[in-house]
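>>> with the input below, show me the fold.
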Amino acid sequence: MWEDYDEWRRNALYVLRSGRRVITPERRIVVYRSKPLPHAFNISQDEYHGWALIDCGSKYDALPGYPHLRNYRGDEDISPNEWVMFEEKYNGTNIRVTETCGRLFVTSRRTIMLSRVYVYSLENAQGPYFDEVRRRYKSGAYNFLVHEAGRYYIAMPQGFYAALEASGFTIPRHLVRRYVLFFEMYGWANPILVSSNIQRGLYPLEGPPLKLVLLDVFDKEKIRFLSRAEKEELATRYGIPIAESIIRIRYGEIKEKLPLLMKIADARMIEGFVAKTPHMYFKIKPRDVFEYLARMNAIASGKILADDVERAADYAIEAIQGNITMYRQAIHVAMAELRADYPEEIIKANMYAIKEAVARRLASAYAKEYATKVMGEKSYREIMRDIANTLDSLPLVGEIISHDPSKKKRYMAIIAATVTQCLNK
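Numbers count the residues shown, from 1 in each chain. Now for the predicted structure:
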């Protein structure tokens with residue numbers, strides 16, 4: 001896993017000096033991020049780590065992200081006799097904490113420097129639980145809960161410090177000088193819906209809005225993750241809550257024990273499991289047992305499930321924050337996200353579908369940006385006319401329309417809804 005550490009750092013330094021983007025042989029994408037300071041460079045999701053190179057002015061620091069969790073496929077490069085530790089998978093936001101550039105550095109897997117955490121699906125989720133969560137967001141009672149333009153966010157770092165206080169421990173500075181601590185920030189204020197069963201992965205409204213649980217610890221001196229035993233010893237010493245270890249199974253026995261894992265998840269009402277070996281992490285969730293079969297059928301037919309393409313495109317647009325000029329990065333991020341479930345040859349064979357899904361979202365992002373800019377100066381009809389006249393020339397969007405002119409009508413329908421929403425704010 002770490003053999004290419006020096007090569008990665010050389011690539012990152014090249015980007016630092018040239019301002020260019022680099023795609024390494026391992027498909028890791030080094031992207032320049034100028035704001036906020038300190039300048040950071042992020043490696044797009046690969047199957048192990050999203051690295052960030054931090055420019056501290058007089059020196060550089062390289063920080064690993066949390067391992068990118070692929071879904072269990074049964075074809076992982078793991079010996080059948082190797083033991084796999086199953087820990088509880090929490091439904092929240094992954095946070096890494098360490099010291100760099102002489103100060104505390106708090107980031108997520110998706111964001112170099114956290115300013116806000118978008119709370120997924122809270123806008124559309126239905127039921128008394130979510131009605132109460134939305135009421136609390138709008139109440140103004142919590143300084144880290146933000147409701148803006150119909151979307152819900154956790155402001156950072158206020159959210160992190162609130163979660164730290166509610167969790168009842170402190171983080172000594174000497175600890176984060178040597179280690180990168182990976183936490184899950186979870187609670188009723190962060191109900192990230194990643195399961196179609198909305199009863200899973202939700203946390204009591206009577207409890208604190210946010211809490212932290214330790215997932216993993218990376219040793220910056222030895223360039224490795226701590227073992228389960230080492231992690232438990234560190235957590236005990238500093239009074240840090242740690243992700244629960246649930247069961248240990250040999251890799252070759254996982255497939256036949258999937259029904260047992262489903263029963264355990266049902267009994268505990270948890271989202272699922274993170275399965276860990278010294279050189280690979282992957283995840284298993286109850287719904288994924290069924291999606292696993294659907295994906296295997298799709299792969300056998302040379303296809304990718306439409307829902308997976310849409311999720312990857314959503315992730316990609318979030319990663320570039322809707323910046324249409326970064327469309328190439330968006331495509332690579334979407335491809336990297338799909339590698340968690342699909343072989344490379346299947347992804348390449350379905351590139352048009354991936355590009356089209358990204359282009360659709362870029363068209364909507366462009367419309368939102370333009371409508372917001374000219375709001376109050378131009379009418380709805382004028383805005384739609386301007387967008388229609390420029391749509392064919394937009395990066396990637398124009399490429400898709402030239403390939404299939406009928407897409408323009410579909411994109412304009414999406415844009416109409418986006419513009420209407422902007423004007424009705």
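>>> which secondary structure element of this protein has the lowest mean pLDDT?
Lowest mean confidence among the helices and strands of the chain (mean pLDDT, DSSP states H and E): strand 40-43, at a mean of 38.
>>> residue 99 contacts residue 106, doesn't it?
No - Residue 99 is not in contact with residue 106 according to C-beta atoms under 8 Å; the separation is 10.5 Å. In this view, the C-beta of every residue, glycine as well, is placed from N, C-alpha and C.
>>> tell me who's in contact with residue 299.
Counting by C-beta atoms under 8 Å, 6 or more residues apart in numbering, residue 299 touches 342, 343, 346.
>>> list the contacts of the first one.
By that I understand residue 342. 295, 299, 304, 308.
>>> quick one: low-confidence parts of this structure?
1-62, 68, 108-115, 120-121, 124, 192-201, 286-293, 296, 425 (pLDDT under 70).
>>> kindly list the longest helix within this protein.
helix 351-374 (DSSP state H).
>>> and the helix or strand hosting residue 159, C-alpha only, in CSV?
Per DSSP states H and E: residue 159 is located in helix 158-167. Only the C-alpha atoms of helix 158-167 are listed here, as CSV (Å, rounded to 0.1, in the frame of the first residue of the first chain):
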residue,chain,number,x,y,z
GLN,A,158,-18.1,24.6,15.5
GLY,A,159,-19.8,21.2,14.8
PHE,A,160,-16.6,19.3,15.5
TYR,A,161,-16.0,21.0,18.8
ALA,A,162,-19.6,20.5,19.9
ALA,A,163,-19.2,16.8,19.1
LEU,A,164,-15.9,16.7,21.0
GLU,A,165,-17.5,18.3,24.1
ALA,A,166,-20.5,15.9,23.9
SER,A,167,-18.2,12.9,23.6
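>>> show the subsequent helix or strand relative to it.
Next along from helix 158-167, by DSSP H and E: helix 173-178.
>>> what's that next one packed up against?
strand 93-100 (3 or more C-beta pairs under 8 Å, 6 or more residues apart in numbering; DSSP states H and E).
>>> what's the local residue count around the closest residue to residue 322 other than its chain neighbours?
Residue nearest to residue 322 in three dimensions, not counting chain neighbours: residue 365, with 3.5 Å by C-beta to C-beta, 6 or more residues apart in numbering. When counting by other C-beta atoms under 10 Å, one arrives at 18 neighbours for residue 365.
>>> host element of residue 264?
helix 258-268.
>>> which positions within that helix qualify as buried?
Within helix 258-268, the residues scored as buried using 16 or more other C-beta atoms under 10 Å are 258, 261, 262, 264, 265.
>>> ok, so of the residues you listed, who is nearest residue 335?
Closest approach to residue 335 among the buried residues of helix 258-268 (C-beta to C-beta): residue 258, at 27.8 Å.
>>> do you know how far that closest one is from residue 217?
29 Å (C-beta to C-beta, to the nearest Å).
>>> pop the domain breakdown of this structure in here.
Taking automatic domain parsing as the reference, the chain has its domains at 1-63, 65-84+248-301, 91-242, 302-423.
>>> quick one: end-to-end length of the longest one, please.
Right, the one you point to is domain 91-242. Domain 91-242 has an end-to-end distance of 15 Å (criterion: C-alpha to C-alpha, to the nearest Å).
>>> coming back round to it: could you dump the contacts of residue 342 into JSON lines with secondary structure added?
JSON lines is the format used below for these (DSSP: H, G, I helix; E, B strand; the rest coil):
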{"residue": "295", "secondary structure": "helix"}
{"residue": "299", "secondary structure": "helix"}
{"residue": "304", "secondary structure": "coil"}
{"residue": "308", "secondary structure": "helix"}
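>>> follow-up on the earlier one: any idea how far the helix holding residue 264 is from the chain center?
Relative to its parent chain, helix 258-268 has a centroid offset of 25 Å by C-alpha atoms, centre = their mean, to the nearest Å.
>>> could you report the neighbour count for residue 310?
Neighbour tally, residue 310, other C-beta under 10 Å: 14.
>>> which residues are in contact with the closest residue to it other than its chain neighbours?
Among residues not flanking residue 310 along the chain, residue 357 sits closest, at 5.9 Å (C-beta to C-beta, 6+ apart). Going by C-beta under 8 Å, 6+ apart, residue 357 touches 309, 310, 312, 313, 334.
>>> repeat that for residue 356.
By C-beta under 8 Å, 6+ apart, the neighbours of residue 356 are 400, 407.
>>> from residue 176, how far off is residue 98?
5 Å.
>>> common neighbours of these two, please.
Contacts common to residue 98 and residue 176, judged by C-beta under 8 Å, 6+ apart, are residue 104.
>>> surely residue 322 meets residue 369?
Yes - at 7.1 Å, residue 322 counts as touching residue 369 under the criterion of C-beta under 8 Å.
>>> am I right that residue 185 is in a helix?
No - with three-state DSSP as the criterion, residue 185 is strand rather than part of a helix.
>>> and it, how close does it get to residue 416?
From residue 185 to residue 416 the distance is 37 Å (C-beta to C-beta).
>>> of these two, give the one with the bigger neighbour count.
residue 185 (27 against 15).
>>> still on that earlier bit, as TSV, the contacts of residue 342 with distance to residue 78 would be great.
Output for the contacts of residue 342, formatted as TSV (distance: C-beta to C-beta, whole Å):
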residue	distance to residue 78
295	19
299	19
304	24
308	23
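>>> among the contacts of residue 357, name the ones in strands.
Among the contacts of residue 357, DSSP state E puts none in strands.
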